[in-house]
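> Task: produce atomic coordinates for the following.
(chains A and B, ligands or ions: 2)
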Number of protein chains: 2
Amino acid sequence: METIYTEKHKLRDAKTELCGGELVEPFERPSRAEYVLDRVRETGLGPVSDPDDFGMGPILAIHDAEFVEFLKTAPARWKVAGFNGEAIPTTWVGRRMSHIRPNHVEGQLGYYALAGETSLTEGTWEAAYASAQVALTGAARIRSGAGAVFSLCRPPGHHATADMYGGYCFFNNAAISAQHFLDHGAKRVAILDIDFHHGNGTQDIFYDRSDVLFISLHGDPLETFPYHLGHAEETGSGAGTGFNLNFPMPPDTPFDVWQAALHKGLARIAEYKPDVLIISLGVDTFETDPISFFKLKSDDFLTMGADVASAGLPTHFIMEGGYDVDEIGVNAVNVLQGFERANAS
Amino acid sequence: METIYTEKHKLRDAKTELCGGELVEPFERPSRAEYVLDRVRETGLGPVSDPDDFGMGPILAIHDAEFVEFLKTAPARWKVAGFNGEAIPTTWVGRRMSHIRPNHVEGQLGYYALAGETSLTEGTWEAAYASAQVALTGAARIRSGAGAVFSLCRPPGHHATADMYGGYCFFNNAAISAQHFLDHGAKRVAILDIDFHHGNGTQDIFYDRSDVLFISLHGDPLETFPYHLGHAEETGSGAGTGFNLNFPMPPDTPFDVWQAALHKGLARIAEYKPDVLIISLGVDTFETDPISFFKLKSDDFLTMGADVASAGLPTHFIMEGGYDVDEIGVNAVNVLQGFERANAS
Ligand SMILES: [Zn+2]
Ligand SMILES: [Zn+2]
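Numbers count the residues shown, from 1 in each chain, chains lettered A, B, ... in the order given. Ligands and ions are numbered 1, 2, ... in the order given. From the prediction side, this is the model:
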C-alpha cells in the first residue's frame, strides 16, 4: 500500500495546550507522524510519496471561505492585538447566544473554535493545507485504480466542521476527500470513523446529505470529548436522515464489544453500496492512550484492518488521532497490514 | 446611603485567569471590593451592614437547580477527575452542537460555561451565595422604604444566565434582586446596566418577559467581551418584545456620547414607570480600565450618578465590574455620591 506524506506537517508545532486548567505540551505533536512514517518504512508497507497540489478549490468545496481566511490570518492578528501567548479562545458562542460573527480576533476565535485545547499558531494553516493535499493525493490514487492508499495526514481533520476548528483539527481531510470523489464521478461515499473520538466535524458537514454515509465508533460523548455531539440519536436530517450512524461506547470498552459495533457499521456500509470507503483512522482506541478510555490492544488493530478489508471496497485510510506516541506507529500500521494480509489471503 | 457588604467575597480567590493564551493573575480579585469598601468609609457615604440570609429560594427563582449544584460540586469533582490546575473549560457547546448535558465534569464545564477566563475554584460557590445575599439584603432595604442602597456584591453577576457562568459571574445578583422585588409586590422593575460589558446574563434571563425592562450601555460586542450577545437588534422576544434595549458603543467612546445613550435609556425607563430601578454598577467604563475601551473620567461618574437620580425612583445599586483596581473605589463611590448630591439639592 502506498503512503502519502509530507514533512510540511512539522509546521504545525504548537507549544501549549490548555488541559486540566494548565498549559501543557500538546498531545498532538509532530513526532506522531514521524513515528507512523518510521513504522511504514520499517515494515516495508509500500512506497512513500509526496503529495501533489490540488490548490484551494477542494478545500473550499467543504470549508467556509471566511473561516479559511481566519485560520490563515488569526495568529498574526492575535499578536497585533497585544496578546503574548498562543491564540487560545476565552469566549465562545454559548447556548442561546447570537451567531453574529464579531470583528475582534479574540471574538472570532470564540466564534470559529469548538474547543480550547487547540492553540492556533503560525504555520498551522500551511500544515493544514498540506495535510489536505495529502488526503487529496490519496483520493486521486484511488480514482486512478489503487485498491487502498494511506494518507498520513497531520494535523488530523475529523473534528473540524465547515466553519469551526478544534480537537487538534483545522481542515476536515476525510470530508475533503469524500467531496473530491463525489466531484469526480462517485455517486456514494462511506466514511467510517474509527478514531476514539466522535467525528463531529464530518457528521456536521454531511448531516443533511445522503451521498455521504457517515458512521462513527467512539467514546460516549457524555463521558469524553467532543462531549457535545456524537449521540446515537443523531441519525441525520432532511435528505440525510438515516445516513448518519453513531456508536457511542462507555469507558473500558474492550475489543470484542468494539468489534461488534464495527460489524454493524460494515453491514450498513454493505447495504449502502458506496463507490469508495474512507477510513478516519485514529488509534487512540489503544489501551494506554493518555486521553482516551477504550481497551484495544496492538493485535486488535490487525483484526480491525482485516475486518475493514472484508468490505471489499476501494479504501482510503486517512490518519486522525492517536496519542500514545510510542505505540502510534505500530498500531496505525497494524491496521494497514491487517487490511493487506486479508486482501492477499 | 447604606452599603451592604460581607467579607465572604474573599472566598472567591482564583489564582489563574486564561487571558491572551496565558494563565495570569485574575483581573477580578478580592482587592476590588476592599478598595470600594475603603472609599465608602473614607467618604462617609453611610453605614456598612452585613447581609441577612435569605436562603436558596431567591437564587433558585432565577437559576437552574442543576446549574447551582454544578457550581457547588465542580471544583472537587475536577480534582477527583485528576486535573491539576483550576477548573477551566476546554470544550463547549459550539454552534450546531447538541444541548444534551454530558456527565463528565470536563464536559459539564463546557456545557455550563459561556467563557473561559473564569476559573471555577473551591470557595467560589460560597462567595457567590454570599454575594446574592448582599443583593437580596439591599432589595429588602428598598422594600422597607430606603430610597437607595448600595449592594457591594462580589463576585459580580450580570454575565451569568439562568444556567451559564463566565465573565467572572456565577449568580446574577441584579436578576435575583429584580425577581425578589416582583415576588414581593412590585409590578415592574427596570434594570439599567452601566458596566462596560453587555449584561448578557440579565438580558437572557428576562428576554421574553415584560415585567423587567433591561437596558444596557456597553462596548460593542463586535469588538469586546462577551462578543456573542449585546447587539442593538436584540429587543426581546414574545411578551418581552420591546423590553430589552441595547446601546453598543465603539472603542474610545467619550462621556458625552455615552451620556446621550444614558439619557435615552432613562427616557425609556420613565416611560416604563417601574416600581424600582436596579443599577448594574460597573466602573470599567473608566479610561484606564485594563480590559475595556471607553474613555470616561472620574468626574464623569459623579455626573452619571446625578443623571440616575433624575429618574426619581427607589434605586438599588449593585456592584458589577471595574478592573483599574486603584481607581475602582473613587469611581464607584463617585456614582453614589453624585446620586446623593443630586437628591439633596
Ligand atoms: Zn481522537
Ligand atoms: Zn464589565
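
> quick one: contacts for whatever residue of the stretch 201-345 of chain A ends up closest to chain B?
The stretch 201-345 of chain A approaches chain B most closely through A:Tyr227 (3.6 Å), counting by C-beta to the nearest C-beta. The C-beta positions use only the backbone N, C-alpha and C, and glycine is treated the same way. Counting by C-beta atoms under 8 Å, 6 or more residues apart in numbering or on different chains, A:Tyr227 touches A:Pro221, B:Thr91, B:Pro102, B:His104, B:Glu106, B:Gly107, B:Gly110, B:Tyr111.

> for those residues, which one is nearest B:Ile191?
For these, the residue nearest B:Ile191 by C-beta to C-beta is B:Tyr111; the value is 26.3 Å.

> any idea of the pLDDT on the spatially closest residue to that closest one that is not a sequence neighbour?
Nearest residue to B:Tyr111, sequence neighbours excluded (C-beta to C-beta, 6 or more residues apart in numbering or on different chains): B:Arg101, at 5.1 Å. pLDDT recorded at B:Arg101 is 98.

> helix/strand/coil for B:Arg101?
Following DSSP: H, G, I helix; E, B strand; the rest coil, B:Arg101 is assigned to coil.

> Tell me if the helix or strand that A:Ala139 is a member of is near chain B.
Per DSSP states H and E, A:Ala139 falls inside helix A:124-143. No - judged by C-beta under 8 Å from any C-beta of the partner chain, helix A:124-143 stays clear of chain B, getting no closer than 13.5 Å.

> Report the strands that pair with the following helix or strand past that helix, each with its relative direction.
Beyond helix A:124-143 in the direction of the C-terminus, DSSP H and E gives the next helix or strand as strand A:148-151. Strand pairing for strand A:148-151, using DSSP bridges, gives strand A:2-4 (parallel), strand A:315-319 (parallel).

> Distance from the chain centre to strand A:148-151, please.
Computed by C-alpha atoms, centre = their mean, to the nearest Å, the chain-centroid distance of strand A:148-151 equals 14 Å.

> could you give the mean pLDDT of the next helix-or-strand element following it?
As assigned by DSSP H and E, the chain's next helix or strand after strand A:148-151 is helix A:173-182. Averaged across helix A:173-182, the pLDDT comes to 98.

> where exactly do the strands run in chain A?
A:2-4, A:17-19, A:22-24, A:48-49, A:148-151, A:189-193, A:212-219, A:244-249, A:276-281, A:315-319 (DSSP state E).

> What residue in the stretch 1-150 of chain A comes nearest to ligand 2?
A:Thr91 (13.1 Å; C-beta to the ion).

> what residue is smack in the middle of chain A?
In chain A, the residue lying closest to the centroid (C-alpha atoms, centre = their mean) is A:His158, at 3.1 Å.

> Identify the residue nearest that one in space, chain neighbours excluded?
A:His158 sits nearest to A:Gly199 (C-beta to C-beta, 6+ apart), 3.8 Å away.

> quick one: that neighbour from A:Ala190, how far?
13 Å (C-beta to C-beta, to the nearest Å).

> These two: which is more packed in?
A:Gly199 (35 against 26; other C-beta atoms under 10 Å in any protein chain shown).

> residue contacts, that one?
A:His158, A:His159, A:Ala174, A:Ile191, A:Asp193, A:Phe214, A:Ser216, A:His218, A:Ser280, A:Glu320.

> quick one: A:Gly110 and A:Val93 touch, right?
Yes - using C-beta atoms under 8 Å, A:Gly110 is in contact with A:Val93, at 6.6 Å.

> Quick check: neighbours shared by these two?
Taking C-beta under 8 Å, 6+ apart as the contact rule, A:Gly110 and A:Val93 both touch B:His228.

> Can you pull the residues of the stretch 1-150 of chain A lying near chain B?
So the stretch 1-150 of chain A meets chain B at A:16, A:18-23, A:78, A:82-100, A:102-104, A:106-107, A:110-111, A:113-117, A:119 (C-beta under 8 Å from any C-beta).

> Backbone dihedrals for the closest residue to A:Arg95 other than its chain neighbours, please?
Counting by C-beta to C-beta, 6+ apart, the nearest residue to A:Arg95 once its immediate chain neighbours are dropped is B:Val93, at 5.5 Å. The phi/psi pair for B:Val93 (degrees, to the nearest 10) reads phi -80, psi 90.

> Can you tell me the closest non-neighbouring residue to A:Tyr272?
Closest to A:Tyr272 by C-beta to C-beta, 6+ apart is A:Leu213, at 4.8 Å.

> Give me the neighbour count for that neighbour.
27.

> hang on, it packs against A:Pro274?
Yes - between A:Leu213 and A:Pro274 there is a contact under C-beta under 8 Å: 6.4 Å.

> Not counting sequence-adjacent ones, nearest residue to A:Lys10?
Excluding the flanking residues, the one nearest A:Lys10 by C-beta to C-beta, 6+ apart is A:Pro30, at 4.8 Å.

> got a list of what the one you found touches?
A:His9, A:Lys10, A:Arg12, A:Asp13, A:Arg154.

> Which of those residues are buried, as a PyMOL select command?
Buried residues among these (16 or more other C-beta atoms under 10 Å in any protein chain shown), as a PyMOL selection:
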select buried, chain A and resi 9+10+12+154
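
> now the contacts of A:Pro30 in CSV, with pLDDT and distance to B:Asp307?
Shown next, in CSV, are those (pLDDT from 0 to 100; distance: C-beta to C-beta, whole Å):
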residue, pLDDT, distance to B:Asp307
A:His9, 98, 59
A:Lys10, 98, 59
A:Arg12, 98, 53
A:Asp13, 98, 54
A:Arg154, 98, 59
